[in-house]
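Trainee: Have a look at this prediction, sequence included:
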Amino acid sequence: MFLLDKLRKAQDKDGFISEREFKRISKETGIPLAKVYGTATFYSMFHTKPQGKYIIEICNSPSCYVNGSLNIIKFIEKELGIKSNQTTKDGKFSLHICSCIGCCDQAPAMLLNKKVHGNLTKTKIKEIFKQCK
Amino acid sequence: MQIIKKTNLKGYKKALELGPGGIIDLLLRKNVTGRGGAGFPTGKKWEMVYQAKADKKYIICNADEGEPGTFKDKFIFLNNPEAVIEGILIAAHTIKTKNAIIYLRGEYEYLKDKIQGVINRVCKKLNSKVKIEIYLGAGAYVCGDETAIMESIENQRGHPRFKPPYPTIEGLYGKPTIINNVETFANVSLALAFDDYDSTLRLYSLSGNVSSPGIYELHYGIKMSDLVKLGKPKNKVKAIFFGCFGGCLPYSELPLTNENVCGQDCMLGANTIIVVDEKQSMVDVTTNIAKFYEFESCGKCTPCREGSMRVLALLQNISLGEATKKDFETLKELTEVIKESSFCGLGQTSMNHIITAIKYFEKEFLDKLK
């Protein structure tokens, strides 16, 4: 039994891991609730608060950074009116600045609901957002 | 490219002929070494696990490629995943185990189905009873450390363990464990399958301020300038960073060997090369990397957990032009303390970028002081 798999399944279902899910997983695995929670919160891809329909994980590690990721991040923050680790009021987008996603050959890059979007520009971001219904 | 040559499972067939002792000898003779960064002879590692006495043994394929600027393992999974799975099966045959795990970083979740398909296909073709499971990580740089991976698989927070004992003696669930990187397993298959296998070829992950970033397969010891030129830099190149952990060097014609790079206080690691051009401020790039370490510190030991926060604050002040000469001296002292006293490799190497940036580009820092 791999705890991270159980946590991931819960998150895939609800977009985040709720208190109810934590309790269920704890009961199911026999691992104390505090430990399940402690393990989950160690990993940056697990969320304990409700997330938007679209989760943006944008890289700000050096390869992306020297290719202007900060400008892209600022642009997204302005477009959506939120900062990193926040969700838009309409529950559509959540934004997370993250560590390297291994797409350094397409810098600056981000994951949108786990799918890679690379060589980001402001125009490209606008187009991507338009397709998010 | 050698790394994408199809073995058609010839490596595994050769392994069956050779048997454990023969496989280990061949890996040593052909000079197959770990490609995660440490460069430990693969045959030697396998021999230690082979000789260890235990009721159960494990194999872990480290696919938690988290070092910023590194994307070679992803490249291998996209272009020659069969060689990786074959390599794992060869390891399983060598140490007589049926338990293997691929620890794939969460950011690569989109590769999981593809890899699972290859596992099914290869195992069926070879009629292998080995169970290769994919465990998905969930975003923790420290889990690239071999013992932190084991903690993570054992359902714990990914804190590194104290070594010794080494994983070859007490690894996953306290049992002898072979843990190798994706590229290493692929190289095992290639070394066994081909008589003309060349152990001096390396995969370089080239990115940063270049027009043609990507994976380049070149010989070990290539000149920095020759490598960087392949990437077609957009502007005049100032420096290269060896990922986040390996520090930086001014752009030159230095041949990239471990001895040369270590001699300059850097680390070559997994041949990650991030090119930085003259338009970038070394203070800002260094601050960006410090932010990465502040975020990724696992919190187990004090120097790394608290130190990375203080270092980041000092660098941000320098960046904003609000730091004094005394702050700069504090920063230098702190980097040495963290380097010397951190618990694991992450903390011990987390200051290399600052130490080397100050060593080679001190003027940029001094110009920003009050």
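Mentor: It's in. Since we're looking at a predicted model, the values are computed, not measured.

Trainee: going forward, measure contacts and count neighbours with C-alpha atoms only.
Mentor: Fine.

Trainee: Residues in contact with stretch B:320-329: which ones?
Mentor: For stretch B:320-329, the surrounding residues in contact (C-alpha atoms under 8 Å, 6 or more residues apart in numbering or on different chains) are B:314, B:317-318, B:366, B:368-370.

Trainee: If you could redo that for stretch B:219-239, that was the one I meant.
Mentor: The contact list for stretch B:219-239, computed with C-alpha under 8 Å, 6+ apart, reads B:200-202, B:206-207, B:209-214, B:248-257, B:275-279.

Trainee: Among these, name the ones in strands.
Mentor: Applying DSSP state E to the contacts of stretch B:219-239, the entries found in strands are B:201-202, B:206-207, B:214, B:248-250, B:275-277.

Trainee: Among the residues you listed, which one is most surrounded by other residues?
Mentor: residue B:207 (36 neighbours; other C-alpha atoms under 10 Å in any protein chain shown).

Trainee: Now which of the contacts of stretch B:320-329 would you call buried?
Mentor: Among the contacts of stretch B:320-329, those scoring as buried are B:314, B:317-318, B:366, B:368-369 (criterion: 16 or more other C-alpha atoms under 10 Å in any protein chain shown).

Trainee: And the furthest pair within those residues?
Mentor: Farthest pair in the buried ones among the contacts of stretch B:320-329 (C-alpha to C-alpha) is B:314 and B:366. Separation: 13.3 Å.

Trainee: what's the following helix or strand after whichever strand or helix holds residue B:100?
Mentor: Assigned by DSSP states H and E, residue B:100 falls within strand B:99-104. The helix or strand immediately downstream of strand B:99-104 is helix B:112-125, counting by DSSP H and E.

Trainee: now that following helix: how far from the chain's centre is it?
Mentor: Relative to its chain's centre, helix B:112-125 lies at 24 Å (C-alpha atoms, centre = their mean, to the nearest Å).

Trainee: again with stretch A:124-133
Mentor: So, by C-alpha atoms, centre = their mean, the centroid of stretch A:124-133 is 17 Å from its chain's centroid.

Trainee: Just confirm residue B:132 is within a strand.
Mentor: Yes. Using DSSP: H, G, I helix; E, B strand; the rest coil, the assignment for residue B:132 is a strand.

Trainee: so what's it closest to, chain neighbours aside?
Mentor: residue B:100 (4.7 Å; C-alpha to C-alpha, 6 or more residues apart in numbering or on different chains).

Trainee: isn't the one you found right up against residue B:119?
Mentor: No. Using C-alpha atoms under 8 Å, residue B:100 is not in contact with residue B:119; the gap is 11.2 Å.

Trainee: Overlap of the contact sets of these two?
Mentor: Here residue B:100 and residue B:119 have residue B:132 as joint contacts, going by C-alpha under 8 Å, 6+ apart.

Trainee: Domains in the chain, by residue range?
Mentor: You didn't say which chain, so I picked chain A. Chain A is divided into the following domains under automatic domain parsing: A:3-40, A:54-131.

Trainee: my question was about chain B
Mentor: Split by automatic domain parsing, chain B gives B:10-193, B:204-277, B:282-366.

Trainee: Give me the mean pLDDT for the first one.
Mentor: Think domain B:10-193. On average, the pLDDT along domain B:10-193 is 97.

Trainee: Can you give the distance of that domain from its chain's centre?
Mentor: Its chain's C-alpha centre and that of domain B:10-193 lie 13 Å apart, by C-alpha atoms, centre = their mean.

Trainee: Any idea how far apart the tips of it sit?
Mentor: Start and end residues of domain B:10-193 are separated by 5 Å (C-alpha to C-alpha, to the nearest Å).

Trainee: same check, this time on the last one
Mentor: Distances were taken as C-alpha to C-alpha; on that basis the terminal residues of domain B:282-366 are 12 Å apart.

Trainee: And the strands in chain B?
Mentor: B:58-63, B:99-104, B:131-136, B:177-181, B:201-208, B:214-219, B:237-241, B:248-250, B:272-277.

Trainee: okay if I get the ones you listed as JSON lines plus distance to residue A:22?
Mentor: Formatted as JSON lines, the strands of chain B follow (distance: least, C-alpha to C-alpha, whole Å):
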{"stretch": "strand B:58-63", "distance to residue A:22": "27"}
{"stretch": "strand B:99-104", "distance to residue A:22": "23"}
{"stretch": "strand B:131-136", "distance to residue A:22": "19"}
{"stretch": "strand B:177-181", "distance to residue A:22": "31"}
{"stretch": "strand B:201-208", "distance to residue A:22": "39"}
{"stretch": "strand B:214-219", "distance to residue A:22": "41"}
{"stretch": "strand B:237-241", "distance to residue A:22": "41"}
{"stretch": "strand B:248-250", "distance to residue A:22": "43"}
{"stretch": "strand B:272-277", "distance to residue A:22": "39"}
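
Trainee: in what helix or strand does residue A:43 lie?
Mentor: Per DSSP H and E, there is no helix or strand for residue A:43.

Trainee: Just give me the neighbour total for it.
Mentor: 22.

Trainee: if I look at it, how far off is chain B?
Mentor: According to C-alpha to the nearest C-alpha, to the nearest Å, residue A:43 and chain B sit 5 Å apart.

Trainee: quick one: contacts for that residue?
Mentor: Counted by C-alpha under 8 Å, 6+ apart, residue A:43 has contacts B:138-140, B:157.

Trainee: wait, which of the residues you listed is closest to residue B:283?
Mentor: residue B:140 (25.5 Å).

Trainee: can you give me the helices for the chain?
Mentor: Picking chain A for this. A:3-14, A:19-29, A:33-40, A:62-65, A:69-80, A:122-131 (DSSP state H).

Trainee: That was the other one, I meant chain B.
Mentor: Under DSSP H, chain B gives helices at B:10-29, B:42-51, B:72-79, B:81-95, B:112-125, B:146-153, B:182-193, B:224-230, B:258-263, B:282-296, B:302-319, B:325-341, B:345-349, B:352-366.

Trainee: Good, wrapping up.
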